[in-house]
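S.K.: Coordinates only, no sequence provided:
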């Protein structure tokens, strides 16, 4: 389980954020992992790089993967975060106490290759596909080895289901009319647009929404980008959930099972009165753990399942880079 936020650079200037991926493809009963060689350092490592200003850390992971390897991929789940000290760059100035290093935090995601191919570039001159356990031995750094070993311990046949809380829609007290028709406000529309790039890394295959305007509008930009229609999910509304949560529990399991059968990633949008209870019930029933989460507007749960049971839950606090 993990909690992933935005790039964080504005909140803590003494931390440098980076992101990468364990790029893999099925091979026999296991997986092959892509390792890249960087001639500048003469090392073998996992594809990764710095988060750019104004970029979300999850989006940065996919960008770096594509730039360094040439492959397209679908993110499945968070693997782990690693931290280490790096020399301070001139632009960071001098820290209090005279430290000449800053802390670097790197988030890695499991990414199954979907297409593309490697071409040598300025940063990477060679790519090798190795069986997962061989890759753990071949990487140049102990922290990369730790990431690969964590990946090896995760089932390869897990399927992703994404649950989104609707974006900001102002205050219900100030809205005249049926609250089900309350639309997104300016901030909510920005969040909905940001969700397009963030959720795109999971390659959505279907969209569902509680039958409220603000929920449907949260997924509308993604629907336009992907040409996927938004299906109504009436059991995932607050009113229905308050009356009886059991239909929602059955429905989310059905959505996850359908994803396992079809191989696509469903994205569903619901409300703050549903998601905390729904995810807590799911985790409790299947013996999974949930990371701490505020369940803010436009936050995202990445739930992975296998054979109908919840395995892991990763929480993305916001689709916007921190500081925005």
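M.R.: Okay, I see it. Quantities reported herein were computed from a predicted structural model and do not represent experimental measurements.
S.K.: Who are the contact partners of the residue most central in space within the chain?
M.R.: For the chain, the residue sitting closest to the mean C-alpha position, by C-alpha atoms, centre = their mean, is residue 58 at 5.7 Å. Applying C-beta atoms under 8 Å, 6 or more residues apart in numbering to residue 58 gives the contacts 4, 19, 75, 107, 109, 198, 201, 316. For every residue, glycine as well, the C-beta is placed using N, CA and C.
S.K.: just residue 180 next, same as before
M.R.: 211-213.
S.K.: ok, now with 7 Å
M.R.: Residues near residue 180 by C-beta atoms under 7 Å, 6 or more residues apart in numbering: 212-213.
S.K.: Repeat that for residue 238.
M.R.: Residue 238 neighbours (C-beta under 7 Å, 6+ apart): 271, 273-274.
S.K.: before we move on, what about residue 64?
M.R.: With contact taken as C-beta under 7 Å, 6+ apart, residue 64 is in contact with 19-20, 47-49.
S.K.: Could you find which two of those are furthest from each other?
M.R.: 19 and 47 (9.8 Å; C-beta to C-beta).
S.K.: Isn't residue 39 up against residue 126?
M.R.: No. Look at residue 39 against residue 126 with C-beta atoms under 7 Å: they stay out of range, at 8.5 Å.
S.K.: Could you find the closest non-adjacent residue to residue 15?
M.R.: Spatially, and ignoring its direct neighbours in sequence, residue 15 is nearest to residue 103 (5.0 Å; C-beta to C-beta, 6 or more residues apart in numbering).
S.K.: Next: residue 21.
M.R.: Once flanking residues are discounted, residue 21 sits nearest to residue 111: 4.0 Å by C-beta to C-beta, 6+ apart.
S.K.: Tell me the secondary structure at the one you found.
M.R.: The three-state label for residue 111, taken from DSSP: H, G, I helix; E, B strand; the rest coil, comes out as strand.
S.K.: Test for you: state the pLDDT assigned to it.
M.R.: What the model reports for residue 111 is a pLDDT of 98.
S.K.: Bridge partners for it, pull those for me.
M.R.: Listed beta-bridge partners, residue 111: residue 23, residue 75 (assigned using DSSP bridges).
S.K.: neighbours around it, how many?
M.R.: 28 (other C-beta atoms under 10 Å).
S.K.: Kindly report the same for residue 246.
M.R.: The burial count for residue 246: 11, using other C-beta under 10 Å.
S.K.: burial count for residue 87?
M.R.: With other C-beta under 10 Å as criterion, residue 87 counts 8.
S.K.: Sorry, slip of the keys, the one I care about is residue 203.
M.R.: 17.
S.K.: if I look at residue 147, how far off is residue 107?
M.R.: 10 Å (C-beta to C-beta, to the nearest Å).
S.K.: Which other helices and strands does the least confident helix or strand in the chain by mean pLDDT contact?
M.R.: When the helices and strands of the chain are scored by mean pLDDT, DSSP states H and E, strand 2-4 comes last with a mean of 75. Contacts defined by 3 or more C-beta pairs under 7 Å, 6 or more residues apart in numbering; DSSP states H and E place strand 2-4 against strand 71-87, strand 309-316.
S.K.: Off-centre distance for it?
M.R.: 9 Å (C-alpha atoms, centre = their mean, to the nearest Å).
S.K.: Likewise for stretch 203-220?
M.R.: 17 Å.
S.K.: just stretch 43-54 next, same as before
M.R.: Worked out by C-alpha atoms, centre = their mean, stretch 43-54 lies 16 Å from the chain centre.
S.K.: All the helices of the stretch 201-324 of the chain, residue numbers only.
M.R.: With DSSP state H, counting those that start in this stretch as the criterion, the stretch 201-324 of the chain has helices at 213-226, 238-243, 246-262, 275-286.
S.K.: Tell me which of those sits most buried.
M.R.: helix 213-226 (a mean of 21; mean count of other C-beta atoms under 10 Å).
S.K.: what residues does that one touch?
M.R.: 164, 166-167, 169, 180-184, 192-193, 195-196, 199, 204, 207, 209, 229-230, 267, 269-271, 298.
S.K.: Can you spell out which helices and strands pack onto the helix or strand encompassing residue 49?
M.R.: Here residue 49 sits within strand 48-50, counting by DSSP states H and E. Secondary-structure packing of strand 48-50 (3+ C-beta pairs under 7 Å, 6+ apart): strand 15-27.
S.K.: Who are the packing partners of the helix or strand immediately after the strand it packs on in the chain?
M.R.: Downstream of strand 15-27, the next assigned helix or strand under DSSP H and E is strand 30-38. Contacts defined by 3+ C-beta pairs under 7 Å, 6+ apart place strand 30-38 against strand 15-27, strand 43-45, helix 57-69, strand 126-131, helix 132-138.
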